[in-house]
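>>> here's my sequence, what's the structure:
(one chain, ligands or ions: 2)
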Amino acid sequence: MRMVFRWFGEGNDSVKLSQIKQIPGVEGLVWALHDLPAGEVWPLERVQAIKRQADQFGFHIDVVESVNIHESIKLGSDDRDYYIENYIKTIQHLATVGVKVICYNFMPVFDWIRTDLFGLLPDQSTALFYESDKVRDMDPLELVQKIAANPDYTMPGWEPERLETLKGLFTAYQNVTNQDLMHHLKYFLEKVIPVCEEYDIKLAIHPDDPPWEIFTLPRIVTTQHQLKEITQLVDSPYNGITLCSGALGVLKENNIVTMIYDLRDRIHFAHIRNVQLFDNGDFIETSHRTMDGSLPIDQIVQAYHEIGYTGYVRPDHGRHIWNEDCRPGYGLYDRALGIMYLWGLWDAYQQIRGKDEVDVTNSLQFKR
Ligand code: DNO
Ligand code: MN
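Ligands and ions are numbered 1, 2, ... in the order given. You can find the predicted model right below:
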């Protein structure tokens, strides 16, 4: 597995590249131009600027998360071809700096949804919480208004300036079924995958988070069956997935280990995170350690090891510990601990299987 770390960019992330450099085994940055709205072409100069920053620390920038999909593409609107053309131009620009994988999602209107970004845990650390009653009783537009009044509460897609647009979007999605959404994804992939093949960049769809219907919006990336169907919409290795254990794992029927075996040829990016599940559908994001949550992170890493996974991996959301002041879910400390847990498991399986060829390319050993 090739360990990478999500970084939101200079001035947009409390974590510094010099800090990431000191986490064992991290070889690259997972990045995006977060200030650009979905649908715009990523300018070549800006992409190259990120490359220069990463080069200073010896990181690659092979993985982008995410180039977001414009709502017109998801809605199948008349102007979707214009946005698909822009997406293609972005792919071409990303190819010039050696990008290999683009993570994206196909969730209408919002990205991931939580009800508390700083929920208190018994040890006084905080983490992301999802409380199902709060979402059930919530009018999304009212919630957006609340968010507008409290700028500290930010989730991707919930920016206050989108309030007016959101109203229109909800109306537009009223007549879009899951089947329509799947057709719109197919239309997009049919246009974009040939370009990916030409430029050697793999697409990796991220599951819906959480993987069930929210605010009556359609949702099509929630189960093993749907992921399989998506990989068949255009049958090319360039049409792949981001297997996010935390996003998929909160749905009880999803067995992440089985998914790893079933979808192995199309997993281009792995997000590994643990969650503690409650009977009523609530969940909280815990440390990565198996016994701290409900997901068998040890078996998940073992499965990746068994299939000889050579793709990219990142720890997903972490808790906020040691009073770190950071973006919700994206602090330095807990994600670094998560990485060490993942390496611990990986290296142990490596030993058990008696592999004498241990890859030391990214070891922190002092060379003289
Ligand atoms: C949550 C995060 C998401 C993810 C996007 C991918 O698990 O990984 O914000 O980045 O949904 O497009
Ligand atoms: Mn994820």
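>>> am I right that residue 215 is in contact with residue 140?
Yes: with contact defined as C-beta atoms under 8 Å, residue 215 counts as touching residue 140 (4.7 Å). Quick note: C-beta positions are derived from backbone N, CA and C, even for glycine.
>>> give me the neighbour count for the closest residue to ligand 2 within the stretch 51-200 of the chain.
Of the residues in the stretch 51-200 of the chain, the one nearest ligand 2 is residue 112, at a distance of 7.6 Å by C-beta to the ion. By other C-beta atoms under 10 Å, 21 other residues sit near residue 112.
>>> tell me the SS of the residue nearest to it when sequence neighbours are not counted?
Once its chain neighbours are removed from consideration, residue 112 has its nearest residue in residue 209; the separation is 4.0 Å (C-beta to C-beta, 6 or more residues apart in numbering). Classification of residue 209 into helix, strand or coil gives coil, according to DSSP: H, G, I helix; E, B strand; the rest coil.
>>> for residue 209, give its distance to residue 184.
Residue 209 sits at a distance of 19 Å from residue 184 (criterion: C-beta to C-beta, to the nearest Å).
>>> can you mark which positions in the helix or strand hosting residue 226 are buried?
For residue 226, the enclosing helix or strand under DSSP states H and E is helix 224-233. When neighbours are counted by 16 or more other C-beta atoms under 10 Å, the buried residues of helix 224-233 are found to be 224, 226-227, 230-231, 233.
>>> check stretch 104-114 too.
Buried residues in stretch 104-114, counting neighbours by 16+ other C-beta under 10 Å, are found at 104-110, 112-114.
>>> then stretch 186-193?
Of the residues in stretch 186-193, those buried by neighbour count under the rule 16+ other C-beta under 10 Å are 187-189, 191-193.
>>> identify the contacts common to residue 215 and residue 140.
Counting by C-beta atoms under 8 Å, 6 or more residues apart in numbering, the common neighbours of residue 215 and residue 140 are residue 170.
>>> and whichever residue of the stretch 251-368 of the chain sits closest to ligand 2, what's its pLDDT?
Proximity of the stretch 251-368 of the chain to ligand 2 (C-beta to the ion) peaks at residue 271, 3.6 Å away. pLDDT, the model's per-residue confidence, is 98 for residue 271.
>>> wasn't it part of a strand?
Yes: in this structure, residue 271 lies within a strand as judged by three-state DSSP.
>>> so what's it up against?
206, 242-247, 313-316.
>>> residue 42: how many residues sit nearby?
Look at residue 42: counted by other C-beta under 10 Å, it has 21 neighbours.
>>> what helix or strand is it on?
For residue 42, there is no host helix or strand (DSSP H and E).
>>> also residue 74?
Residue-wise, residue 74 maps onto helix 71-75 under DSSP H and E.
>>> how distant is that helix from the center of its chain?
Between the centre of helix 71-75 and the centre of its host chain there is 20 Å, according to C-alpha atoms, centre = their mean, to the nearest Å.
>>> how far does whatever helix or strand comes next after that helix sit from the chain's center?
Moving toward the C-terminus from helix 71-75, the first helix or strand encountered (DSSP H and E) is helix 80-95. Distance of helix 80-95 from its chain centroid, counting by C-alpha atoms, centre = their mean, is 20 Å.
>>> quick one: the next helix or strand after helix 80-95 near ligand 2?
Tracing the chain C-terminally past helix 80-95 and defining elements by DSSP H and E, one meets strand 101-105 next. No: applying C-beta under 5 Å from the ion, one finds strand 101-105 separated from ligand 2 by no less than 8.4 Å.
>>> run through who's touching strand 101-105.
30, 62-69, 91, 94, 111, 196, 201-208, 221, 242, 268-269, 311-312.
>>> one step back: other SSEs contacting the helix holding residue 74?
Applying 3 or more C-beta pairs under 8 Å, 6 or more residues apart in numbering; DSSP states H and E, we find helix 71-75 packed against helix 80-95, helix 163-173, helix 178-199.
>>> which other helices and strands contact the last one?
Using 3+ C-beta pairs under 8 Å, 6+ apart as the contact criterion, the secondary-structure elements in contact with helix 178-199 are helix 71-75, helix 80-95, strand 202-206, helix 224-233, strand 239-244.
>>> when you compare where the third one runs with where helix 178-199 runs, what's the angle?
The reference is to strand 202-206. Computed with axes from the mean of the first three to the mean of the last three C-alpha atoms, to 10 degrees, the direction of strand 202-206 lies at 150 degrees from that of helix 178-199.
>>> from the buried residues of stretch 104-114, which single one is nearest ligand 1?
Distance to ligand 1 across those (C-beta to the nearest ligand atom) is lowest for residue 105, with 3.6 Å.
>>> so the closest one bridges to which residues?
Per DSSP bridges, residues listed as beta-bridge partners of residue 105: residue 206.
>>> could you do residue 313 as well?
When assigned by DSSP bridges, residue 313 has beta-bridge partners residue 3, residue 270.
>>> surely it touches residue 272?
Yes: under the criterion of C-beta under 8 Å, residue 313 lies in contact with residue 272, with a separation of 6.2 Å.
>>> okay, and the common contacts of these two?
Common neighbours of residue 313 and residue 272, using C-beta under 8 Å, 6+ apart, are residue 342.
>>> residue contacts, residue 255?
With contacts taken as C-beta under 8 Å, 6+ apart, residue 255 has the following neighbours: residue 224.
>>> low pLDDT regions in this structure?
143-163, 355-360 (pLDDT under 70).
>>> what does it have sitting close to ligand 1?
With C-beta under 6 Å from any ligand atom as the criterion, the chain meets ligand 1 at residues 65-66, 103-105, 111-112, 156, 206, 209, 244, 247, 271, 316.
>>> quickly find the element holding the nearest residue to residue 353 once chain neighbours are set aside.
With sequence-adjacent residues excluded and distances taken as C-beta to C-beta, 6+ apart, residue 353 is closest to residue 305, at 7.6 Å. Under DSSP H and E, the secondary-structure element containing residue 305 is helix 297-306.
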